[in-house]
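**Student:** Whatever this is, show me its structure:
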Amino acid sequence: MCTGVTDQSLVAIATNVPSLEELSISQCYQVTDEGVTTVVKRLQRLTFLDISCNDKLTNRTLASISQHCRCLQKLDVSLCSQMSHDALDKLQYHLPHLVSLQSRLVV
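**Tutor:** Residues are numbered from 1 along each chain as shown. Presented below is the predicted three-dimensional model:
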């Protein structure tokens, strides 16, 4: 669990490491849609993203990922209870390079 990571932490990461390709923020309960949206807009080289176990993240996060993460190959949104299967289907349609999508217990 990463209790100290916030939306502002993500902005700092995205600003200072723009070529980052892998990011795991699983169980970062202070991170919201706004933080993830900021990150995916700036880190367009992401190939791996783990945002699992966060009830604050919604379909808005999935929409941002599908719009900005064209290189994404692996995504984990398991245990994100505010996301829907319909939004995941749309995301998969827009991300042709996505080869692994973990979505356990997404309603």
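**Student:** Pull the contacting residues for the nearest residue to residue 29 once chain neighbours are set aside.
**Tutor:** Closest residue to residue 29 apart from its sequence neighbours, by CB to CB, 6 or more residues apart in numbering: residue 54 at 6.3 Å. In this view, the C-beta of every residue, glycine as well, is placed from N, C-alpha and C. Residues counted as contacts of residue 54 (CB atoms under 8 Å, 6 or more residues apart in numbering) are 25, 26, 27, 28, 29, 31, 79, 80.
**Student:** redo that, cut-off 10 Å
**Tutor:** Taking CB atoms under 10 Å, 6 or more residues apart in numbering as the contact definition, residue 54 lies against 25-33, 36, 61, 77-83.
**Student:** Return the distance of the spatially most distant residue from the centre of the chain relative to residue 35.
**Tutor:** Counting by CA atoms, centre = their mean, the extreme residue of the chain relative to its mean C-alpha position is residue 16, 18.3 Å from that point. Separation of residue 16 from residue 35 (CB to CB, to the nearest Å): 15 Å.
**Student:** how deep is residue 79 tucked in, by neighbour count?
**Tutor:** 17 (other CB atoms under 10 Å).
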